[in-house]
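Trainee: Any chance you can model this:
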Amino acid sequence: MVSSSNLGFPRMGENRELKKLVENYWQGKVEETQFQKELKEIRINHWKLQKEAGIEIIPSNDFSLYDQVLDHIHLFGAIPKRYNPVVESEVEDGSNGLRTYFAMGRGYQTSKAATQVSETNTQGAFASKVEKSIDVGSMEMKKWFDTNYHYIVPEFEDSQQFKLTNYGGYSEPKPIHEFLEAKSIDIETRPVILGPISFLLLGKSSDSSKPYSSKFDSLVHLNGLLGVYEQLFKQFEKIGVKSVQIDEPVLCFDLLETELVKNAYSTAFNAIHKAAPTINILIATYFGEIRENIDLVTSLPINGIHIDTIRSSPNQVENVLAKIPTSWTISIGIIDGRNVWKNDLTKSLVTLKNIIAKIGGSSDRIILAPSCSLLHCPHSLTREIGKVDEQVLDWLAFSLEKLREISFLTFALNECTFVDNETINFPEETCSTIKKYYELNKESNQKRRESKLIHNDAVKKRVTEITPSMLKRENPFPIRRDAQRKRLTTLPSLFPTTTIGSFPQTKEVRLARSNFKSKKITAEAYDQFIRDEIRKCIKVQEECELDVLVHGEFERTDMVEYFGEYLDGFVFTQNGWVQSYGSRCVKPPIIYGDVNRPVPMTLEYTTFAQTLTSKPMKGMLTGPVTILQWSFVRDDQPRSETCFQIGLAIRDEVTDLENKGIACIQIDEPAIREGLPLRLSDWNQYLKWAIDSFLLSSTGVKDSTQIHSHMCYSDFNDIFESIQRMDTDVLTIENSKSDLKLLKAFEKYGYTNEIGPGLYDIHSPRIPSVDDMKDRVEQMLKYLSTNLLWINPDCGLKTREPETTRLALINMVKVAKQFREIYSNKE
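Mentor: Numbering: from 1, shown residues only. Next up is the predicted model:
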């Protein structure tokens, strides 16, 4: 019999209950006992929902208060030494470990420390009764493979020690506690654990002066790490765990050091098997193809493998099926866990019947699952009825709907017979609801294929008319730079300052937007509110003495959603939230058809803001690749085609801004590196159309118009030639969490345009000190020319509080002034 399963469930809840609860806990509004009680309620509700959807193999330990990799860092006791003061403060006041856990994710700063760095009496942003001065930043974040989810990067010392650690508020390790918690309501789960090889390869050296020379260097810590895996699996066995899902997504990478990696996998999984021989081990891979790594996997003492058939070609699936032992179970990722389109059940049944035939006709070995964890998909469609266009809504499936699709496919394979690829004979006792479910699925997919909503011939024609001349600036950077300096007369010659775009969105901003959308206030009243916020934002920036200003983006909910609201081919959900990092959620738009810009998107508020200041006002846009990557994208045409359509829309907006006198235009592309395929052999094709799409959006301006772009959380070394080909006048990059390693790439490859590596981490509520930022600038100047360096934060300031933002920017401008004085004297 085929079994149904899930690899992971969205954590936040249908109404973002987890986000709200955690943020209240951070602010000291929820006591510890109530916090743990409500967390338990969320977990139990999620397990019950999966069971009610018909899922037999339900995951545990997929729930997290911040990030699943951070959970493992804490679980394995791999806490960097700089957090020792936080650990000690918890020992002193008898806290439960969550202060340290959250400090690693978002930093920690006591009121005393905040007062010291801001030179004002401030409580800071952390609700803490700790009286001593503690000030520590957060750990580095990176994108989780090619998704928009961010994970916390593990750090390893030369003599790294690991120990199995109980979780905050628990009397046992987190995976043990949550398995027992589910068991207490008669749900036997399959714990999910990040595998030892993936955990190590996702990490870095804790010593920035001695970075790893190879991504495999961290494997030196394997033997030490295996001790905690052995302890954990012995505890699993003791409490009756029958099966564990071990995630090893790096198996979809090019593992070039074959023998080294093969030996590491062999050592790790033999040790785990020996520690708990009765537990069935399923290795889960996702986001790509296993390819040659299947030979490594088949040598391991495990019991099954999960493959992502959505991102694997039929030939690669056949290769896996042909090589795995006949005793193994095969978890088939048949439902797309990263997109929102309704599954074509007829097509999936054909695929699954072929897979069963390939393994000799035995369905007992088959487990059906999403392609990956449903972490990347919204909770359910329940609250979208009446909110999303009825025709498009019929094409969609969120997490709960996807689980019901898995349940149906499982039922069909176990209970039905097949006349042909289109016709199913249901058992006589089958209820009419199940039969109707299948017929409606066929009808929905047929309607989508034939819908006139999807296609715009004028847009398609315009893409075919793109020429090479539309993908380059008129003159090279040195000529453009001279023209821009003549135009931007208020810009200092050294260390100009700016921000990345957004300013804090207060409760008042969110309330005004909500009231406008619910028609509690008029469009005129809302417009006046936004203009007043822009005035206040410009006043703050001028008081901070920033050089290039922004309007604050108060009219925007999200840097992608906002633009999609103005573009044809997009649709928006009421509650389609997914986790980005920590408690931060985003609501990706859905691209269902050809993309076109019928009206200007940013012109009104940008030009209004420019009338309020004599300093340059940046036009703020999101680039085509990022809009594509951070949306749920139609799957009926190549992604490159959709990206070029978006690129043309942004190009039109850039032209309009320039024509209205906006001298600086920023086109953010934080997702270019994120979109890279996992395999090197697939990179060039992607980078060609991705960079071309950005150039299409950015190059239709005069030399005197300064084009900015922003990129974050990326290993730029991998794609440096592509970054150079973007040819932006000013590139701002995330840098504060990356130990300045990114700058070495700019030195190594030679970067001649202007650049602004972020001076402080905006994802942490800490107020950065002048000394910390001065130290970072001094480090930057080892790699970058003084006349090319900009001073700016890491990213947009939307999630921060107004007062801590103001104090941070004052300190940042102080740093710029001090360096201007130093280097002006030298000249």
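Trainee: CA atoms only for whichever strand or helix holds R480, dumped as PDB, please.
Mentor: Of the helices and strands defined by DSSP states H and E, R480 is found in helix 477-487. Extracted in PDB, the C-alpha atoms of helix 477-487 (Å, rounded to 0.1, in the frame of the first residue of the first chain):
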ATOM      1  CA  PHE A 477      31.300  54.200 -16.000                       C
ATOM      2  CA  PRO A 478      34.100  56.800 -15.800                       C
ATOM      3  CA  ILE A 479      32.300  59.100 -18.300                       C
ATOM      4  CA  ARG A 480      29.000  58.500 -16.500                       C
ATOM      5  CA  ARG A 481      30.500  59.300 -13.100                       C
ATOM      6  CA  ASP A 482      31.800  62.700 -14.300                       C
ATOM      7  CA  ALA A 483      28.300  63.500 -15.600                       C
ATOM      8  CA  GLN A 484      26.700  62.400 -12.400                       C
ATOM      9  CA  ARG A 485      29.000  64.400 -10.200                       C
ATOM     10  CA  LYS A 486      28.300  67.600 -12.200                       C
ATOM     11  CA  ARG A 487      24.600  67.000 -11.800                       C
END
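Trainee: who's in contact with whatever helix or strand comes next after it?
Mentor: Once helix 477-487 ends, the next helix or strand along the chain (criterion: DSSP H and E) is helix 507-517. Applying Cβ atoms under 8 Å, 6 or more residues apart in numbering, the contact partners of helix 507-517 are I521, A523, A525, Y526, F529, I530, E533, F554, T557. Bear in mind the C-beta positions are built from the backbone N, C-alpha and C, glycine included.
Trainee: how does it look with 10 Å?
Mentor: Contact partners of helix 507-517, identified using Cβ atoms under 10 Å, 6 or more residues apart in numbering, comprise 503, 505-506, 520-523, 525-530, 532-533, 552-557, 574, 798.
Trainee: likewise stretch 252-259?
Mentor: Contact with stretch 252-259 is made by 145, 197-198, 201, 214-216, 219, 261-265, 285-293, 295-296, 307-308, 311-312, 677-681, as judged by Cβ under 10 Å, 6+ apart.
Trainee: Does G756 touch C712 like I think?
Mentor: No - using Cβ atoms under 10 Å, G756 makes no contact with C712, being 11.8 Å away.
Trainee: Now the common contact residues for these two.
Mentor: Counting by Cβ under 10 Å, 6+ apart, the shared contacts of G756 and C712 are I500, T732, I733, N735, D794.
Trainee: biggest separation within the residues you listed, which pair?
Mentor: Across those, no pair lies farther apart than I500 and N735, at 11.9 Å, counting by Cβ to Cβ.
Trainee: packing partners for the helix or strand harbouring A114?
Mentor: Per DSSP H and E: A114 is located in helix 111-118. Packing partners of helix 111-118 (3 or more Cβ pairs under 10 Å, 6 or more residues apart in numbering; DSSP states H and E): strand 108-109, strand 135-136, helix 770-780, helix 802-826.
Trainee: For the ones you listed, give me TSV that also has mean pLDDT and distance to Y229.
Mentor: Shown next, in TSV, are the helices and strands packed on helix 111-118 (pLDDT from 0 to 100; distance: least, Cβ to Cβ, whole Å):
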stretch	mean pLDDT	distance to Y229
strand 108-109	91	29
strand 135-136	92	28
helix 770-780	92	37
helix 802-826	92	40
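Trainee: Please enumerate the strands of the stretch 601-750 of the chain.
Mentor: With DSSP state E, counting those that start in this stretch as the criterion, the stretch 601-750 of the chain has strands at 618-622, 632-633, 664-668, 706-711, 730-733.
Trainee: Could you tell me the model confidence score at the residue lying closest to F572 once chain neighbours are set aside?
Mentor: Nearest non-adjacent residue to F572, counting by Cβ to Cβ, 6 or more residues apart in numbering: P589, 5.5 Å away. P589 carries a pLDDT value of 94.
Trainee: hey, which helix or strand in this structure has the poorest pLDDT?
Mentor: When each helix and strand of the chain is scored by mean pLDDT, DSSP states H and E, helix 741-749 comes last, with a mean of 73.
Trainee: Show me what it is packed against.
Mentor: helix 720-726, strand 730-733, strand 754-757, helix 770-780.
Trainee: elements contacting the strand or helix carrying L225?
Mentor: If you go by DSSP H and E, L225 is part of helix 222-238. Other elements packing on helix 222-238 under the criterion 3+ Cβ pairs under 10 Å, 6+ apart are helix 68-75, helix 174-183, strand 189-194, helix 196-201, strand 243-247, helix 258-275.
Trainee: Take the ones you listed and write them to TSV, including distance to G360, mean neighbour count and mean pLDDT.
Mentor: Listed next are the helices and strands packed on helix 222-238 as TSV, based on distance: least, Cβ to Cβ, whole Å; neighbours: other Cβ atoms under 10 Å; pLDDT from 0 to 100:
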stretch	distance to G360	mean neighbour count	mean pLDDT
helix 68-75	36	23	98
helix 174-183	34	21	97
strand 189-194	25	23	98
helix 196-201	31	23	98
strand 243-247	23	24	98
helix 258-275	26	17	95
